[in-house]
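Q: here is the input, now give the coordinates:
(2 chains)
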There are 2 protein chains.
Amino acid sequence: MKLFAFLSFNFSALANIAPRRYVDLEGMLSTNDNLELNMLWGYGCHCFTFIWNREKEEMLQRNASKVRQVAASARSKVLTIDSMNERVKAVQYAVRGPIVIRAGEIENQLKAGSTEFPFDEVIKCNIGDAHAMQQKPITYLRQVVCGTVNPELMADASGENNNGVIPSDASEQAKRILASCGGGSVGAYSNSTGVPVIRADVARYIEKRDGIGSVDPENVMLSTGASGSITTLLKMLVNGPQDGIMIPIPQYPLYSACLAEFNATIVPYYLNEETNWSLNLEELERAYADSDVKPKAICIINPGNPTGQVASYENIRNVLEFAHSRGLFVLADEVYQDNVYAEGAAFHSFRKVLLEMGEPYASSVELASFHSTSKGYMGECGFRSGYMEILNMDEDVKSQLIKLISSRLCPPVPGQAAMDVVVNPPVPGDDSYELYIEERTKVLSDLKYKAKLVADTFNSIEGISCQPVQGAMYAFPNIKLPEKFIKEAGQKGLIPDAYYCTLLLEQTGICVVAGSGFRQKAGSWHFRTTILPPKEKMEKFAKLFTEFHLGILAKYE
Amino acid sequence: MKLFAFLSFNFSALANIAPRRYVDLEGMLSTNDNLELNMLWGYGCHCFTFIWNREKEEMLQRNASKVRQVAASARSKVLTIDSMNERVKAVQYAVRGPIVIRAGEIENQLKAGSTEFPFDEVIKCNIGDAHAMQQKPITYLRQVVCGTVNPELMADASGENNNGVIPSDASEQAKRILASCGGGSVGAYSNSTGVPVIRADVARYIEKRDGIGSVDPENVMLSTGASGSITTLLKMLVNGPQDGIMIPIPQYPLYSACLAEFNATIVPYYLNEETNWSLNLEELERAYADSDVKPKAICIINPGNPTGQVASYENIRNVLEFAHSRGLFVLADEVYQDNVYAEGAAFHSFRKVLLEMGEPYASSVELASFHSTSKGYMGECGFRSGYMEILNMDEDVKSQLIKLISSRLCPPVPGQAAMDVVVNPPVPGDDSYELYIEERTKVLSDLKYKAKLVADTFNSIEGISCQPVQGAMYAFPNIKLPEKFIKEAGQKGLIPDAYYCTLLLEQTGICVVAGSGFRQKAGSWHFRTTILPPKEKMEKFAKLFTEFHLGILAKYE
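A: This is a model prediction of the structure:
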């Protein structure tokens, strides 16, 4: 790092000089100096030719030297593991890491007819990807998107359904979206912050959800999944290792991956597993105190990923008071806001709690909250759509934020249309209301059933304990691994829970992500499984997993 | 910079120590040490309690001090223009910059009935956004996407068209795509590198286009627009200011924006306007020699943006020889490969030329080339879809690249389906072939007509010269600005061409982007206009623009 910092300084100092010198040289030949230049032309030509020849000679010599360097390293690549971006090497992303890649390979071999595995299918519980697990899309959502993609399929002004495919309420919604798109087409770029009517619909949705305050659509920005917003906002916040960002442990690895890439300092605060992964104020103080850099922001995931807890109103209030007193920007990842299953648990947005706290909090705590089309009851991950809402952000910073997202043009427009349905679904009286409610209820009640099934299964197995899955789409059971197993993992150079998950995959076809991919308290071992596969597959999972774990205990204890 | 480098080093040194210490502390309480720990428990408890109390006290003291800092700066924001990411501040992106933002405001005022402007519409020539300029989508492309979004609209196996809307060839293509999607749904995440059959179709397309060599689908990666691939690859390449990237001047500002954000050094090479923006080898040598950092890669945009030239076979060969001898990674931005209008001009891919050069070039020059659904004849910008193909990339680097894109999950799947049509369109004999060819030909011949119209218009005006628009979607005319005008701009603190474009917008409603947004030879002034508005609007543009420019000359000369 010392060497790197030294090089950075040296090279950038040089780099700052070089282009300026060049531009000045050209500036001499331009505009204002034209007159003087002409007068000097006769004399100047001689000097110029002389200088030009000398410079050209020098240039060729310098290039020749650089070329010798290239020749010396002939056949080697320009871009190698040594020469590539160091920060990218530091990125880890277990949700699509080696175990998941291996699962893909096995799946391909099974498809190609391989019989070398002791199972006939891979059960993918590694990623919150509902449709991949046969969850059906919400019909109305797809109808609206379809209307925006193929307007000729829509009902006409009289409400007549031209092709019997897109009902008039969906047609109306699609037409309203198209009227707000460039050239009336989802093929046009939208504003970088999103299609205007969709931003407005998001604003109305938030107001209605929270029942307090008004939302300026100018503070709503659509994005390429919630991931797009989260990475953008983290990028805005950090300059380098001098900036600390508090993140929960365990966490969704997008956070650690981004912060590694941006070279910021992770300030970990630990969720308390014993009290259902609660966020305890003393631990926040501990984390803040132990940090050698001043934390600049705190990230909260509620409902929790990978941990499935739902924060109480009081808990959120505490976090906001903490953020206020410590001067922290708050990032509230609320993509699972529709996924709450436990009796007595309810989703409270950070925005609502903040506004209800009144002054001095309401108008001073800087807050960004995130939502997505990928989770909830719709599970439309492939559309890559999300939004962030910002509150109390400095206006100059907001301008910079908009400039930054402008350089990436715009979020996918069909995905924005899908988001419009999420925030503006059919209401009682609409033709599509009943089907919408029926489909939505089915998805959420299935998830509720599986949330309990999965936690109960784990808790019935020796050496496994699992906190209730109050919300989101995941269980994060604690596995007590035998000493002998841990030793064997060490001998193989593997993290024990990663070794465990690898064996689970190779022996049963079940693909989950090791707890170490999310970070965890040292010496504890976990894995994350989704609750998304269909009921019968989750039941198969329960059976296979139980056998596997008892086998591990029998072999290593 | 000196200060920053110093701080970076100090803080990161601390940051490296801090988390390790914390983990070690916890490690003591874990697994392997359990036995010893139990033995020490009785004695340890006393010490631990003592240490704990002392540590807690210290912690509270430290927090109190940090809190005093926060209190001292009470009411000020956490995230301010001073505390935000410096690199983001350095980003500039004129294509959606202040003039374009102003154009949006004017448009909204006009919509709201304002009569304060001397025109009744904004003619948006600032961005390559074909559909926003009333270009119609390719019917077949939308039918395939629609089939993937709403499968029940598709023709069934017998070829029977269930709803009279999606013909059987489009249905077949959509079904093939869905069969390669998780759970058969575009709502599922795809592989991070893209839907397998679409990657394979891209590979076949490239093979057919170039007529040489085979393409491994593993070397094709779908992305969120070509921008997504370009930023990812640049990110892979650069570590900081010690890494130089050669980019053309003028350039598409995505390059300078990214390199500013990644803190790399731009090594500019100048296109030669007089010879239709050709890329001359001596200038590449000059740029290489003048750079104080070792250039690591060279970016080429062909056909050119903003400059509209099409590189000759020989020219590409020269660039590749140069890249080979100088050890440069090559990035070929070929998103306008279908947009070639000039007689005698033809698109040659860098891949094709490289492979035809044979050894030692073919198997050693590292090349990434980029394509998009946003340009060409389809103009589907809103779908945010693109791909990159990599050649001769180091395998370890490729693994890192895949890891990086995995942390962003996947490109939008409906956009990937659109890309499948671009690389795998109807062929003679297919039901949809004739309509497809008719629509495609119409778009491209209109563009060809407007390419000539625009250049001819500019060249007929005093003080304006414009190189032929051989390809892409832009003209980049050279404006000779009167001295008095330049002086006035300076007095207003504006770059002369930005001032010119602002006046153009305020007086005529024409929105173009100043040449300075793309960088240009010092002392020369340009702007970029698209050729996308419909014929009658381009003719209106020609008339309004001519009047405006003559007005400027009359006033300032």
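
Q: can you give me phi and psi for the nearest residue to A:Asn302 once chain neighbours are set aside?
A: Nearest residue to A:Asn302, sequence neighbours excluded (CB to CB, 6 or more residues apart in numbering or on different chains): A:Ala311, at 4.5 Å. Yep, even glycine has a C-beta here, placed from its N, CA and C like the rest. For A:Ala311, the backbone dihedrals are phi -70, psi 140 (criterion: degrees, to the nearest 10).

Q: contacting residues for A:Ala311?
A: With contacts defined as CB atoms under 8 Å, 6 or more residues apart in numbering or on different chains, the neighbours of A:Ala311 are A:Ser278, A:Leu279, A:Ile300, A:Asn302, A:Pro303, A:Gly304, A:Val319, A:His348.

Q: A:Leu550 now?
A: A:Ile461, A:Glu462.

Q: what helix or strand is it on?
A: helix A:535-556 (DSSP states H and E).

Q: same deal with A:Leu453?
A: For A:Leu453, the host element (DSSP H and E) is helix A:433-459.

Q: pull out the buried positions in that helix.
A: A:436, A:439-440, A:443-444, A:446-448, A:450-451, A:453-455, A:457-458 (16 or more other CB atoms under 10 Å in any protein chain shown).

Q: A:Tyr361 reaches A:Val319, doesn't it?
A: No. A:Tyr361 lies out of contact with A:Val319 (CB atoms under 8 Å); the separation is 11.3 Å.

Q: ok, these two, which is more surrounded?
A: Between A:Tyr361 and A:Val319, A:Val319 has the larger neighbour count (other CB atoms under 10 Å in any protein chain shown), namely 23 against 19.

Q: can I assume the more buried one sits in a helix?
A: Yes. According to DSSP: H, G, I helix; E, B strand; the rest coil, A:Val319 belongs to a helix.

Q: mind listing the strands for the stretch 301-450 of chain A?
A: A:329-333, A:367-372, A:386-391 (DSSP state E, counting those that start in this stretch).

Q: chain B is nearest to which of the ones you listed?
A: strand A:329-333 (4.6 Å; CB to the nearest CB).

Q: what's the closest one packed up against?
A: Packing contacts for strand A:329-333, counted by 3 or more CB pairs under 8 Å, 6 or more residues apart in numbering or on different chains; DSSP states H and E, involve helix A:225-237, strand A:295-301, helix A:313-326, helix A:350-357, strand A:367-372.

Q: what lines up beside that strand in the sheet?
A: Next to strand A:329-333 in the sheet, as set by DSSP bridges, lie strand A:295-301 (parallel), strand A:367-372 (parallel).

Q: now A:Gln309: closest residue in space that isn't a chain neighbour?
A: A:Gln309's closest residue in space is A:Trp277 (CB to CB, 6+ apart), at 4.1 Å.

Q: try A:Gly213
A: Nearest one to A:Gly213, counting by CB to CB, 6+ apart, is A:Leu355 at 4.7 Å.

Q: how close does that neighbour get to A:Ala362?
A: When distance is defined by CB to CB, to the nearest Å, A:Leu355 is 5 Å away from A:Ala362.

Q: redo the helices and strands packed on strand A:329-333 as a markdown table? Include mean pLDDT.
A: Below are those laid out as a markdown table (pLDDT from 0 to 100):
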| stretch | mean pLDDT |
| --- | --- |
| helix A:225-237 | 95 |
| strand A:295-301 | 96 |
| helix A:313-326 | 95 |
| helix A:350-357 | 98 |
| strand A:367-372 | 98 |
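
Q: need the winner for burial among the strands paired with strand A:329-333.
A: Stretch with highest mean neighbour count among those: strand A:367-372 (a mean of 27; mean count of other CB atoms under 10 Å in any protein chain shown).

Q: export that strand to PDB, keeping only CA atoms.
A: The C-alpha coordinates for strand A:367-372 follow below in PDB (Å, rounded to 0.1, in the frame of the first residue of the first chain):
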ATOM      1  CA  LEU A 367     -31.700   8.800   4.100                       C
ATOM      2  CA  ALA A 368     -31.700   6.800   0.900                       C
ATOM      3  CA  SER A 369     -34.100   3.800   0.700                       C
ATOM      4  CA  PHE A 370     -34.300   1.200  -1.900                       C
ATOM      5  CA  HIS A 371     -36.900  -1.000  -3.500                       C
ATOM      6  CA  SER A 372     -37.000  -3.500  -6.300                       C
END
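
Q: which residues does it contact?
A: Strand A:367-372 has contacts (CB under 8 Å, 6+ apart) with A:225-226, A:229-230, A:233, A:329-335, A:337, A:349-351, A:354, A:385-393, A:422.
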